[in-house]
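Q: just coords:
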């Protein structure tokens, strides 16, 4: 009588907990998969391996501040003064965000020389 109904109620609650746990795990898996699909879709559309970057330093202030989120796309036009570029350097994991200051035309057998710097920097760099 009473003992059997308590036993049945316990098993019903136990199976509901398993079901709820399975439901939560599936929801989490769907969220993770959706985020990955959105990221991969952005990679395809923007033709960039990092379609979104977060500004980590103050070198581009006042144009960009720490914590700003930049949406990137791969451009194929030649660099022009004033363009903002994001690039990776071999020995650094963090991408660099700078503004092109000057582009010198290529000489025969030589690549273009690009002078760039952060807006908040006094010294420019060359690639």
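A: Ah, there it is. Since this is a predicted model, take the numbers as computed values, not measurements.
Q: which one's the longest strand in this structure?
A: strand 96-104 (DSSP state E).
Q: helices along this structure, start to end?
A: 2-46 (DSSP state H).
Q: centre-most residue in it?
A: residue 52 (3.4 Å; CA atoms, centre = their mean).
Q: pretty sure that residue contacts residue 72?
A: Yes: Residue 52 sits in contact with residue 72 when judged by CB atoms under 8 Å, with a separation of 7.0 Å. For glycine as for every other residue, the C-beta is placed from the backbone atoms N, C-alpha and C.
Q: the residue nearest to the centre of the chain bridge partners, please.
A: Per DSSP bridges, the residues bridged to residue 52 are residue 71.
Q: now it: how far from residue 89?
A: Applying CB to CB, to the nearest Å, the value for residue 52 to residue 89 is 19 Å.
Q: repeat that for residue 103.
A: Distance, residue 103 to residue 89, using CB to CB: 19 Å.
Q: who has more neighbours out of those two?
A: Per other CB atoms under 10 Å, whichever of residue 103 and residue 89 has more neighbours is residue 103, with 16 against 11.
Q: surely that one is in contact with residue 85?
A: No: the pair residue 103 / residue 85 is not scored as a contact, 10.9 Å apart, by CB under 8 Å.
Q: shared neighbours, the two?
A: residue 79 (CB atoms under 8 Å, 6 or more residues apart in numbering).
Q: number of nearby residues for residue 102?
A: 14.
Q: nearest residue to it in space, please, no chain neighbours.
A: residue 115 (4.2 Å; CB to CB, 6 or more residues apart in numbering).
Q: am I right that the one you found is in contact with residue 85?
A: No: between residue 115 and residue 85 there is no contact under CB under 8 Å: 11.4 Å.
Q: between these two, what contacts are shared?
A: Shared contacts of residue 115 and residue 85 (CB under 8 Å, 6+ apart): residue 100.
Q: give me the below-cutoff pLDDT ranges for the protein.
A: 105-114, 116-117, 119-127 (pLDDT under 70).
Q: repeat that with 80
A: 1-2, 9, 12-16, 18, 59, 75-78, 88-89, 102-127 (pLDDT under 80).
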